[in-house]
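Q: heads up, no residue letters with this:
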Ligand SMILES: NC(=O)c1ccc[n+]([C@@H]2O[C@H](COP(=O)([O-])OP(=O)(O)OC[C@H]3O[C@@H](n4cnc5c(N)ncnc54)[C@H](OP(=O)(O)O)[C@@H]3O)[C@@H](O)[C@H]2O)c1
């Protein structure tokens, strides 16, 4: 069995590879926090946001972020926007009802990536600016519970973003990984050794 590796070393090894990344959904709650973490951890030499509109950033840290605006109804016409990237994150917002339970995951499998990871978090805890009364109530409820109770069903969005990145830097010989809420908590809060 492979040895567990230390997170700081895994990150440094990853940085040395000068990889490029695209993010879908960087204007959403998960994508926004993921982008911030990616920039803070300086994991990639090139970062591209692919979205349906151009985003505005004031902070200096975002000045080298590239943006591609695409029409999601005609993605075949925009294949070039995706090409030349080593890693891609999809944080597009959808509901299980709209996407069809398991349908997105099945379609991703068809794309035959070398490696892909599916994250299935519980209720996302974040400070959403947009008004979604139903979600707001659920978040308030989970936010008021002791952490040990809430963590079974919910997860802070920053923990999800860190779990996505910690998972990415650890080596894996598995083609597909599926992370549910507990796995996301464990991986997102990890600071030391990570099992491959
Ligand atoms: N909220 C939760 O508690 C929860 C729990 C578990 C899983 N999830 C899942 O996690 C994912 C991310 O959630 P989130 O709360 O971070 O999402 P979000 O804040 O709603 O962000 C949605 C993102 O997707 C983009 N988007 C939505 N519809 C699009 C379309 N038709 N074409 C192109 N772009 C589109 C939005 O772009 P614009 O800014 O241009 O609109 C935005 O960047 C979702 O699939 C959600 O179902 C959420």
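A: Sure thing, it's come through. Keep in mind that what you see is a predicted model, and the values were worked out from it rather than measured.

Q: contacts, neighbours, all on C-alpha from now
A: OK.

Q: now do the helices in the chain.
A: 7-16, 29-41, 79-82, 96-99, 103-110, 133-144, 147-150, 157-169, 181-189 (DSSP state H).

Q: which of those is buried the deepest?
A: Mean neighbour count, computed with mean count of other C-alpha atoms under 10 Å, is highest for helix 157-169 among the helices of the chain, reaching a mean of 21.

Q: the closest residue to residue 81 other than its chain neighbours: how many residues sit nearby?
A: In space, and not counting its chain neighbours, residue 81 is closest to residue 68: 6.3 Å by C-alpha to C-alpha, 6 or more residues apart in numbering. Close neighbours of residue 68, defined as other C-alpha atoms under 10 Å, add up to 16.

Q: if I look at residue 68, how far off is residue 83?
A: 12 Å (C-alpha to C-alpha, to the nearest Å).

Q: pull the contacting residues for the residue lying closest to residue 177 once chain neighbours are set aside.
A: Leaving aside its sequence neighbours, residue 177 sits nearest to residue 117 (C-alpha to C-alpha, 6+ apart; 4.6 Å). Contacts for residue 117 (C-alpha atoms under 8 Å, 6 or more residues apart in numbering) come out as 176, 177, 178, 179.

Q: 10 Å - rerun?
A: 89, 105, 108, 164, 167, 168, 174, 175, 176, 177, 178, 179 (C-alpha atoms under 10 Å, 6 or more residues apart in numbering).

Q: partner residues bridging the residue nearest to residue 81?
A: According to DSSP bridges, the residues that bridge with residue 68 are residue 50.

Q: retrieve the pLDDT associated with it.
A: Predicted confidence (pLDDT) for residue 68: 98.

Q: surely it and residue 26 touch.
A: No - with contacts counted by C-alpha atoms under 10 Å, residue 68 stays clear of residue 26, the gap being 11.6 Å.

Q: residues from this structure in reach of the ligand?
A: 25-30, 51-53, 72, 91-95, 121-124 (C-alpha under 6 Å from any ligand atom).

Q: buried subset of those residues as a ChimeraX selection?
A: Filtering the residues of the chain next to the ligand down to the buried ones (16 or more other C-alpha atoms under 10 Å) takes a single ChimeraX command:
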select :25,26,27,29,30,51,91,92,121,122,123,124
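
Q: of the contacts of residue 117, which one scores lowest on pLDDT?
A: Lowest confidence among the contacts of residue 117: residue 105, with 83.

Q: isn't that one up against residue 118?
A: Yes - using C-alpha under 10 Å, residue 105 is in contact with residue 118, at 7.5 Å.

Q: circling back: which of the helices of the chain sits closest to residue 61?
A: Each of those has some distance to residue 61 by C-alpha to C-alpha; the shortest is helix 29-41, at 6.9 Å.

Q: other SSEs contacting that closest one?
A: Judged by 3 or more C-alpha pairs under 10 Å, 6 or more residues apart in numbering; DSSP states H and E, the packing partners of helix 29-41 are helix 7-16, strand 20-24, strand 46-51, strand 87-90, strand 123-125, helix 157-169.
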